[in-house]
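**Q** Turn this into a model:
(2 chains)
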Amino acid sequence: MKNRFILTLVLFAALIASCAPVDLNAPMPTFDTGIDPTTWAQVPEGEFFYGQFNEEEYTPAFEVMVTDVTAQQYADFLNAAFAEGYVKVDGDNIVGNYPGDPFHGVKHELEIKAGDWAYIPLNDSAQRIKFDGSQFSVQEGYENHPMTMVTWFGAWGYCQYYDASLPSEIQWEKAARGTDARPFPWGWEIERNNANFYASRDPFENMSSFGSRTSPVGFYNGQTYDGYQTVDSASPFGLYDMAGNVWQWIGDVQTMEGFSDRFMRGGSKDTYDMDLRLWVRNSAPPMYFSPGVGFRCVR
Amino acid sequence: MQFVKDRFNYLFGSTKGLILVAIAMIGIVAAVWGMLSGPMAEMGVREIVIKLLGMDIVQAEREGRIIILYHSIAMAVVAIETYMVTSLLKMKEFYKMAVRVLITVGYILTMIFGMGFAYFGHNWAFHGLYITGLSLIFFAGVLLCIALWPWDSEYYITDTSYARTKKGVDLERVAFFVTAVTTVISALFGAVPGSYYGHGFETFLAENVIRYPHKSVMEYSVIGHLHIMLALIAIMLTLIIGRWLNFKGAWHKVAMPLMILGCIVLNLGVWGVVTPLEPVAHMIIYVGATPSMLAALFLLIWSWGKFAKEGTAHIAKPTFFQKLGAMVSDPLKFGPTWQMLFMNFTTSGIGIFMAIRLDEIFRMWPAREERIELTGHWHALSAIIASIILMYYGDMLGLKGKVRQLYGWSIIFLSDIALGAVTVFEMKRLFIGEAVQQPLVNTLMYMIDFGLGFLLVLLAVVMVWRLTDLFKPKGRWTEEMTHELSEEVAK
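**A** Coordinates of the predicted model:
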């Protein structure tokens, strides 16, 4: 009888623990990584190894942002774009115009029509961009973290606004991989202090309460932060966070006839290390947003 | 020398010995390779295991490794079912011996050399032996089909309490035969694309391409193969459990034709994915799955009724609770059909719900979330199949009294806690957002680890007991040397 009581108590305690609210604004360490998110890296024209089985692909030269777009950069964009009428408020969303996708009526295909589509939601508790009715600002401490909770439209709109675009899959992978067949931007193996991934024990996660959180862009640059030693994990072209931290939206539309999802690359703070391999794809409809999805631009 | 010879004869010459070896092999693989992923990887155990065993893990080859890993386990499960079938059903001694030799050599080659190739450097001789093992299993399957041929008057039955034709053809044997034949054919749907993709690990996991609107014939073939093989393993196990429990009477007479029909239609639907019938293949699969599942339901209804009736035979007017108590009094006999019912919550129900609400819900989530559901629900089915085999094995061991109760209920509770938690984990996005999920995820992970971990501990205890028993001159193994499962079928 006593044993049954203890067992019931343990199960009840576990149930209560699983329902514990998560403090999305729990204190978070702030670090200056020294990496400037406004810089762009040069990727030369030429062939490189693409995909898991190293097919040879070619790209012309292009430039790519050294880091993911930060929350501060996105807030600056929204302030400028809002003032110009490029984006507007629609209910609980910031929306902008998108010209629509070709539609083929294939089974499971979503029709993405021309019109206003949500860039970011404002009413989600995980949103780090705040809007007071006239100005956009960033929740303190998240300024140099990657912009998250942004739809593909929101990422596309940002890049378009600055005369850039989202990277194609081929551009993204070349920027991340360089010209050899490495599976990770920094090389052939992965250690916990190479990138921010699930249970990587970085200073921003607490798996017993809120779980994983983003790290500031360029965090894994070889610096030591309050005793946490990172490994310099830049890609061969000097890009940071091309594996882990946040999935990155890819610009390709309808890569297969009837495929309305948008690809994402790079893995995130919420995925195991296997998803950080450079050829791994994730995808979602373009209206999807998440605390684990961000982007960067190419031009 | 005689000491070794006797044990060898038991382990590789008797039904129970062969089953023991296969369970032990699966247990070792599950225990070691289970430490390479999930919470064990999070805790850093994976790195230790890799270093300790000298594994050679190449990042680009993960998908290929996993395919070899689960083929290795699946082949041992198929071998266990084959031992059961050849021990439960009448057949010519030559076929029985030939099937057993082929499948035993086959699965051991597959497991040892497959895993050796996949995880310990690419010795191509190992790959060749892995393929040899798979081929031997295929030939064993062909021989089993011949051995099971039901239209031989030798196997006709006269007992009218079993499903039979007017001529006396045993419809249960026909169901076994159909399942075996369709399994052999369905294996080809994996073998052909396996040859195509398998040269140098240029392969893929089906769950990673599921969203692509256009798939090649080879990709469809792989997707069909993995679905139907697991379904056929489950169907064969349902037939085995029915035979063990001596399924008969009116329910049997309805269930067996349904099982035969369902199995054939289900297979036609799955094979149809590589033909122009692909657009309607899913509909054919649903049509086939329904009678198969109904047949399993009839086994459940019949067996639960039988347990309740037999357990209360000494009571003049048993109450509902007395009947219920009798029904669950033997967890090893009640458990398998309970697990089949539970499967509807963890596998069939999830699959049907996903199919119905695919566009509205699941395709609104990222592909990685959908992958969790896909892999989760067939991991759950595999674990349910394993738990049913372990329950039957507990009965074969002759467990009695409190040990039987403890063993049986432990398997039921531990696996159901784990698989229930897996199901909630798969479906969590329906009711909780990513940003606030961690406490729930932690609780579910504890439940999964607790359930599966202790299940493995239970299995380890049984294996250690059986190992120590082998050192005894008059151990239990000596009693099991000549036992056939057909002798232990319920009266």
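
**Q** quick one: residue B:370 and residue B:208 touch, right?
**A** No. Between residue B:370 and residue B:208 there is no contact under CB atoms under 8 Å: 10.3 Å. Heads up, the C-betas are built off the backbone N, CA and C, glycines and all.

**Q** which one of those two has more residues nearby?
**A** The neighbour count for residue B:370 versus residue B:208, taken as other CB atoms under 10 Å in any protein chain shown, is higher for residue B:370 (23 against 16).

**Q** tell me which residues of the helix or strand containing the more buried one are tucked away?
**A** Counting by DSSP states H and E, the element that carries residue B:370 is helix B:367-396. Across helix B:367-396, burial judged by 16 or more other CB atoms under 10 Å in any protein chain shown covers B:367-374, B:376-396.

**Q** quick check: mean pLDDT across that helix?
**A** Taken as a whole, helix B:367-396 has a mean pLDDT of 93.

**Q** now check the next helix or strand after it, is it near chain A?
**A** Downstream of helix B:367-396, the first helix or strand assigned by DSSP H and E is helix B:401-427. No. Using CB under 8 Å from any CB of the partner chain, helix B:401-427 never reaches chain A; the gap is at least 9.6 Å.

**Q** Now the terminal residues of stretch A:103-118, how far apart.
**A** Separation of the first and last residues of stretch A:103-118 by CA to CA, to the nearest Å is 20 Å.

**Q** Can you list the helices and strands that the helix or strand hosting residue B:233 packs against?
**A** Residue B:233 is part of helix B:217-244, with elements assigned from DSSP H and E. Counting contacts by 3 or more CB pairs under 8 Å, 6 or more residues apart in numbering or on different chains; DSSP states H and E, the secondary-structure elements packed against helix B:217-244 are helix B:62-88, helix B:171-197, helix B:250-271, helix B:278-311, helix B:331-343, helix B:367-396.

**Q** Just send those helices back as a markdown table, with distance to residue A:55 too.
**A** Listed next are the helices and strands packed on helix B:217-244 as a markdown table, based on distance: least, CB to CB, whole Å:
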| stretch | distance to residue A:55 |
| --- | --- |
| helix B:62-88 | 16 |
| helix B:171-197 | 15 |
| helix B:250-271 | 31 |
| helix B:278-311 | 27 |
| helix B:331-343 | 41 |
| helix B:367-396 | 21 |
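
**Q** right, so of those, which gets closest to residue A:46?
**A** Closest approach to residue A:46 among those is made by helix B:62-88 (28.2 Å; CB to CB).

**Q** residue contacts, the nearest residue to residue A:275 once chain neighbours are set aside?
**A** In space, and not counting its chain neighbours, residue A:275 is closest to residue A:267: 3.9 Å by CB to CB, 6 or more residues apart in numbering or on different chains. Residues in contact with residue A:267 (CB atoms under 8 Å, 6 or more residues apart in numbering or on different chains) are A:195, A:197, A:243, A:244, A:247, A:273, A:275, A:276, A:277, A:280.

**Q** gap between the helix holding residue B:233 and the chain center?
**A** Distance of helix B:217-244 from its chain centroid, counting by CA atoms, centre = their mean, to the nearest Å, is 9 Å.

**Q** in that helix, what's buried?
**A** For helix B:217-244, burial by neighbour count (16+ other CB under 10 Å) applies to B:218-244.

**Q** What of stretch B:318-325?
**A** Buried, per 16+ other CB under 10 Å, within stretch B:318-325: B:318, B:323, B:324.

**Q** give me the number of residues near the residue of the stretch 101-250 of chain B at minimum distance from chain A?
**A** Residue nearest to chain A within the stretch 101-250 of chain B (CB to the nearest CB): residue B:213, separated by 4.1 Å. Look at residue B:213: counted by other CB under 10 Å, it has 16 neighbours.

**Q** again, but for residue A:46
**A** Count around residue A:46 with other CB under 10 Å applied: 12.

**Q** gap between the most centrally placed residue in chain B and residue A:249?
**A** Nearest residue to the geometric centre of chain B (CA atoms, centre = their mean): residue B:385, 3.8 Å. According to CB to CB, to the nearest Å, residue B:385 and residue A:249 sit 40 Å apart.

**Q** Surely residue A:49 is in contact with residue A:183?
**A** No. Using CB under 8 Å, residue A:49 is not in contact with residue A:183; the gap is 10.6 Å.

**Q** near chain A, which residues of the stretch 251-400 of chain B?
**A** B:358, B:359, B:363, B:364, B:365, B:366, B:367, B:368.

**Q** what's the nearest residue to the fifth one if we skip its chain neighbours?
**A** The reference is to residue B:365. In this structure, residue B:365 finds its nearest non-sequential neighbour in residue B:429, 5.8 Å apart by CB to CB, 6+ apart.

**Q** and what of the last one?
**A** Taking CB to CB, 6+ apart as the measure, residue B:368 lies nearest to residue A:282, with 5.0 Å between them; neighbours along the chain are not counted.

**Q** tell me which element residue A:116 is part of?
**A** Following DSSP H and E, one finds residue A:116 within strand A:115-121.

**Q** Which elements pack onto that strand?
**A** In terms of contacts (3+ CB pairs under 8 Å, 6+ apart), strand A:115-121 is packed against strand A:87-90, strand A:93-98, helix A:152-161.

**Q** swap the cut-off to 10 Å and go again
**A** Judged by 3 or more CB pairs under 10 Å, 6 or more residues apart in numbering or on different chains; DSSP states H and E, strand A:115-121 is in contact with helix A:71-84, strand A:87-90, strand A:93-98, strand A:129-131, helix A:152-161.

**Q** Report how many residues lie close to the closest residue to residue A:37 other than its chain neighbours.
**A** Once flanking residues are discounted, residue A:37 sits nearest to residue A:67: 4.4 Å by CB to CB, 6+ apart. By the measure other CB under 10 Å, the count of residues near residue A:67 is 26.

**Q** pretty sure residue B:36 contacts residue B:44?
**A** No. Using CB atoms under 10 Å, residue B:36 and residue B:44 do not qualify as a contacting pair, with a distance of 11.8 Å.

**Q** more neighbours, the two?
**A** residue B:36 (19 against 11).

**Q** so where does the residue nearest to that one when sequence neighbours are not counted fall, helix or strand?
**A** Residue nearest to residue B:36 in three dimensions, not counting chain neighbours: residue B:46, with 5.0 Å by CB to CB, 6+ apart. Using DSSP H and E, residue B:46 sits within helix B:45-53.
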